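K.L.:
Fold the following and give me the result.
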Amino acid sequence: MPILDTLSDISSDDSDELDSGVKSSAESSVSEHILEDNSTNAVVSESCSENVAKRVKRKRKRKRKTDPPFKDPQLLKYWNRRYDLFERFDSGIKLDCESWFSVTPECIARRQAKTCACDLIVDAYAGAGGNSTQFANTCGLVHL
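P.N.:
Numbers count the residues shown, from 1 in each chain. Modelled structure (predicted):
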């Protein structure tokens with residue numbers, strides 16, 4: 001096999017063959033991909049003989065508007081963000097005044113639990129349980 005010193009050593013015939021090979025493989029791979037439209041959740045498959053469109057419409061859960069159970073104005077901003085702290089807040093979660101300040105929001109706790117996933121974890125400060133519930137989903141055994 002000869003050693004090529006410059007790009008001028010490559011003939012134009014070889015580059016045409018390479019370009020045509022790339023085009024044919026690119027064209028074939030496009031027909032096999034599944035296209036997704038994020039705005040309408042429609043999925044179209046071009047590899048099948050007939051195009052299949054599937055729409056998924058999700059219902060939003062309505063959150064009950066309730067008045068805060070306390071009169072402290074400092075806790076009002078935490079009460080307004082209660083669904084960020086716990087997605088299932090209406091399922092019976094009750095917090096004392098100190099816990100409102102110290103609970104980790106659920107999306108942050110979920111990320112921390114994925115990062116620290118292992119067989120055994122000890123949560124020395126369980127607090128209101130924001131991190132502990134997410135550790136229970138990712139770790140084998142959680143000690144509080």
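K.L.:
hey, let's count contacts and neighbours off CA atoms from now on
P.N.:
OK.
K.L.:
Now do the same contact list for Asp119.
P.N.:
Cys139, Gly140, Leu141 (CA atoms under 8 Å, 6 or more residues apart in numbering).
K.L.:
Tell me the predicted confidence for Phe86.
P.N.:
With respect to pLDDT, Phe86 scores 86.
K.L.:
Counting neighbours, which of the contacts of Asp119 comes out on top?
P.N.:
Of all the contacts of Asp119, the highest neighbour tally under other CA atoms under 10 Å goes to Cys139, namely 17 neighbours.
K.L.:
Isn't that residue up against Val122?
P.N.:
No: with contacts counted by CA atoms under 8 Å, Cys139 stays clear of Val122, the gap being 10.3 Å.
K.L.:
I figured Glu106 hits Phe86, correct?
P.N.:
Yes: using CA under 8 Å, Glu106 makes contact with Phe86 at a distance of 5.7 Å.
K.L.:
Need the residues touching each of these two.
P.N.:
By the contact definition CA under 8 Å, 6+ apart, Glu106 and Phe86 are jointly contacted by Gly130.
K.L.:
can you map out the helices along the chain?
P.N.:
Remark: helices assigned in the chain by DSSP state H are 12-32, 76-80, 82-85, 97-102, 106-115, 130-138.
K.L.:
Where strands are concerned, which of the contacts of Asp119 count?
P.N.:
Those of the contacts of Asp119 mapping onto strands are Leu141, per DSSP state E.
K.L.:
now the contacts of Asp119 as a markdown table including distance to Pro68 and pLDDT?
P.N.:
Shown next, in a markdown table, are the contacts of Asp119 (distance: CA to CA, whole Å; pLDDT from 0 to 100):
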| residue | distance to Pro68 | pLDDT |
| --- | --- | --- |
| Cys139 | 34 | 86 |
| Gly140 | 36 | 82 |
| Leu141 | 35 | 81 |
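K.L.:
Can you tell me which of the contacts of Asp119 lies closest to Arg81?
P.N.:
The nearest member of these to Arg81, counting by CA to CA, is Cys139 at 27.1 Å.
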